[in-house]
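Colleague: here you go, sequence then predicted model.
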Amino acid sequence: MKDFVNLYGFLEPELQKEIVGIGVNKTFQPNESLIREGQFISSFPLVLKGLIRVSRTSDNGNELLLYYLKENEVCAMSLTCCMARQISDVNAVAEEETEVILIPVEMLDTWISKYPLWKQYVMQTFQFRFRELVDTLHAIAFMKLDERLVKYFVDRYRKSGSATYSGTHQMLALKLNSSREVISRLLKKLEKDGKIEVSRNFIDFSGLV
């Protein structure tokens with residue numbers, strides 16, 4: 001639990017002991033689901049390392065990216081579902097190998113009442129994610145698709161520290177609620193401008209960051 005202490009050492013010592021005692025360490029592989037839409041959540045993850053994509057899916061299969069989770073973060077949407085004892089309205093998928101500590105949902109309310117630093121951490125998480133969701137809505141409403149594509153890469157870099165993307169153009173199109181043909185055309189333009197390098201199922205976008 002060395003990584004946990006390094007990342008969550010700001011929490012009360014008593015709470016750290018409780019987390020270590022009841023939390024379950026689990027590693028998820030790339031593209032493995034942690035949380036699925038329509039399912040009840042029995043536990044929520046505290047991220048130790050890796051990257052998690054949190055999104056919603058439309059009826060036609062398109063994906064709306066809400067935000068990413070990295071180390072030292074917890075999913076605000078899953079916390080909301082835990083508090084209301086509702087089914088999940090988001091998907092959470094590992095973008096890369098990701099290690100988390102899974103906490104039983106019933107501990108959320110108990111710890112909020114018992115530990116001020118935990119309550120502060122949860123409230124700050126809500127505030128931060130709310131700002132990210134506002135940014136997402138702004139991008140959808142006011143940004144052109146080419147600008148949203150660049151924003152996607154830049155946001156991904158800020159969270160993961162990696163300036164590469166592994167996946168098909170179709171997968172990227174679903175994330176941006178577009179078509180593969182349109183995304184491929186925009187990628188070709190970015191490559192022509194010298195901002196990215198595209199190969200089969202791989203994009204180096206270091207020129208954008």
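Modeller: Thanks, I have the structure now. Numbers count the residues shown, from 1 in each chain.
Colleague: any chance of the backbone angles for P30?
Modeller: Main-chain dihedrals, P30, degrees, to the nearest 10: phi -50, psi 130.
Colleague: how deep is it tucked in, by neighbour count?
Modeller: P30 is flanked by 14 other residues according to other C-beta atoms under 10 Å. Where C-beta positions appear, they are placed from N, C-alpha and C, glycine not excepted.
Colleague: any idea how far it is from Y8?
Modeller: Plainly put, P30 is 24 Å away from Y8 if you go by C-beta to C-beta, to the nearest Å.
Colleague: tell me which stretches of the protein form helices.
Modeller: Ranges of helices within the chain are 2-8, 13-22, 76-84, 107-114, 116-142, 145-160, 169-175, 180-192, based on DSSP state H.
Colleague: for the fifth one, packing partners?
Modeller: Taking 3 or more C-beta pairs under 8 Å, 6 or more residues apart in numbering; DSSP states H and E as the contact definition, the neighbouring helices and strands of helix 116-142 are strand 63-69, helix 76-84, helix 107-114, helix 145-160.
Colleague: in it, which residues are buried?
Modeller: W118, Y121, V122, T125, R129, E132, T136, A139 (16 or more other C-beta atoms under 10 Å).
Colleague: quick check: the farthest pair among the residues you listed?
Modeller: W118 and A139 (31.7 Å; C-beta to C-beta).
Colleague: low pLDDT regions in this protein?
Modeller: Scanning the chain for pLDDT under 70 picks out 1-2.
Colleague: again, 80 this time
Modeller: Applying pLDDT under 80 to the chain picks out residues 1-3, 58-62.
Colleague: in CSV, list the helices and strands packed on helix 116-142 along with distance to E18.
Modeller: Output for the helices and strands packed on helix 116-142, formatted as CSV (distance: least, C-beta to C-beta, whole Å):
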stretch, distance to E18
strand 63-69, 22
helix 76-84, 16
helix 107-114, 8
helix 145-160, 28
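Colleague: put together CSV for the ones you listed, with distance to L34 and mean neighbour count on each row.
Modeller: Below are these laid out as CSV (distance: least, C-beta to C-beta, whole Å; neighbours: other C-beta atoms under 10 Å):
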stretch, distance to L34, mean neighbour count
strand 63-69, 9, 20
helix 76-84, 9, 19
helix 107-114, 16, 15
helix 145-160, 16, 17
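Colleague: tell me which residue is most central in the protein.
Modeller: The centre of the chain sits closest to Y68, judged by C-alpha atoms, centre = their mean, with a distance of 2.4 Å.
Colleague: nothing else from me, thank you.
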